[in-house]
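**Student:** 3D model of this:
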Amino acid sequence: MVLGDLGDLRPVTRPSTAELIAEQIRSAIVRGVLAPGAQLGEAELAAHFQVSRGPLREAMQRLLSEGLLYSIRNRGIFVTQLTFDDVVDIYRSRRVIEGGALDLVLNGRREQTWKALELAIDEMRTAAEREDATGVSDGDRRFHEILVSSAESPRLVRAARTLLVETRMCLGALQTTYPDLHVQVDEHVVLREAIRTADRDDVRRLLDEHLHDTVTRLRERQDVDGVIASS
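**Tutor:** Now for the predicted structure:
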């Protein structure tokens, strides 16, 4: 078959087994079920997922390429443990990616984005009312996912996904850096309203300050070894 003779092929929309496994492991990392530094046993995971080692290895290779796992020769595969330097780099990268998405949103997608962000705000507000830090952080992540996806750039979405997962890894057992969950919600409410009506420079400043503030809060929890503290 020549490259141009592909008309009979149909798009594949069903996620592969490897994709489903990767998403479950990714979610376990985000939730702290698989802690930073934890070793992933291939035989144990294959038995847990009831799959052969082929799709499991493919799933783990995806997470290795995303930087969520790392491999040590003759020892195995482990969950990445982030240092404070990693945190600074993650948020520096987020400022670039989310800032680029914001620029696209402000070029004619303000109202649609404002409406889409309501879902995340409601999720955060409901979680804050029941003092559910994990739920608020999940809503926080959803807010930024929606912001980036509203730019309608698949490449920005792909770039942001790993950064947002790593952000939750940074928080680890802290779940949030905010002593008052309602303050975390209010910051996002202000940013959402600014996206709808504020001057471009003011919106960008709010986003930058929001991301920088989290780095400052995490710096206060840094342990003596340069690894993000978990308690």
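
**Student:** give me the number of residues near Leu211?
**Tutor:** Counted by other C-beta atoms under 10 Å, the residues lying close to Leu211 total 18. All C-beta spots, glycine's among them, are computed from the backbone N, C-alpha and C.

**Student:** residues contacting Gln88?
**Tutor:** Just so we're on the same page, residue 88 is Val rather than Gln. Applying C-beta atoms under 8 Å, 6 or more residues apart in numbering, one finds that Val88 lies in contact with Val215.

**Student:** what's the average pLDDT for the particular helix or strand that has it in it?
**Tutor:** Taking DSSP states H and E as the criterion, Val88 maps to helix 84-106. For helix 84-106, the mean per-residue pLDDT is 94.

**Student:** buried sites along that helix?
**Tutor:** Across helix 84-106, burial judged by 16 or more other C-beta atoms under 10 Å covers 84, 86-87, 90-91, 94-95, 97-98, 100-102, 104-106.

**Student:** State the next helix or strand along the chain beyond it.
**Tutor:** Downstream of helix 84-106 (by DSSP H and E), the next one is helix 110-116.

**Student:** That following helix: what's the following helix or strand?
**Tutor:** Downstream of helix 110-116 (by DSSP H and E), the next one is helix 118-129.

**Student:** quick one: contacts of that following helix?
**Tutor:** With C-beta under 8 Å, 6+ apart as the test, helix 118-129 has contacts from 133-136, 138-140, 142-143, 146, 181-182, 184-185, 188-189, 192.

**Student:** Give me the buried entries from those residues.
**Tutor:** 133, 135-136, 138-140, 142-143, 146, 181, 184-185, 188, 192.

**Student:** how close does the residue nearest in space to the middle of the chain get to Arg142?
**Tutor:** A centroid search over the chain (C-alpha atoms, centre = their mean) returns Leu164, at 1.8 Å, as the residue closest to the centre. For Leu164, the distance to Arg142 equals 9 Å [C-beta to C-beta, to the nearest Å].

**Student:** for Cys170, same thing?
**Tutor:** Distance of Cys170 to Arg142, given as C-beta to C-beta: 17 Å.

**Student:** now do Leu207
**Tutor:** Using C-beta to C-beta, one gets 16 Å for the distance from Leu207 to Arg142.

**Student:** For the closest residue to Tyr178 other than its chain neighbours, list the residues it contacts.
**Tutor:** In space, and not counting its chain neighbours, Tyr178 is closest to Gln184: 4.2 Å by C-beta to C-beta, 6 or more residues apart in numbering. Gln184 sits next to Met124, Ala128, Val136, Asp140, Thr176, Tyr178 when contact means C-beta under 8 Å, 6+ apart.

**Student:** before we move on, what about Arg110?
**Tutor:** By C-beta under 8 Å, 6+ apart, Arg110 lies in contact with Ile195, Arg196, Thr197.

**Student:** By neighbours, which of those wins?
**Tutor:** Most neighbours among the contacts of Arg110, by other C-beta under 10 Å: Ile195, with 22 neighbours.

**Student:** still on that earlier bit, select from the buried ones among the contacts of helix 118-129 every entry located in helices.
**Tutor:** If you go by DSSP state H, the buried ones among the contacts of helix 118-129 have 133, 135-136, 138-140, 142-143, 146, 181, 184-185, 188, 192 in helices.
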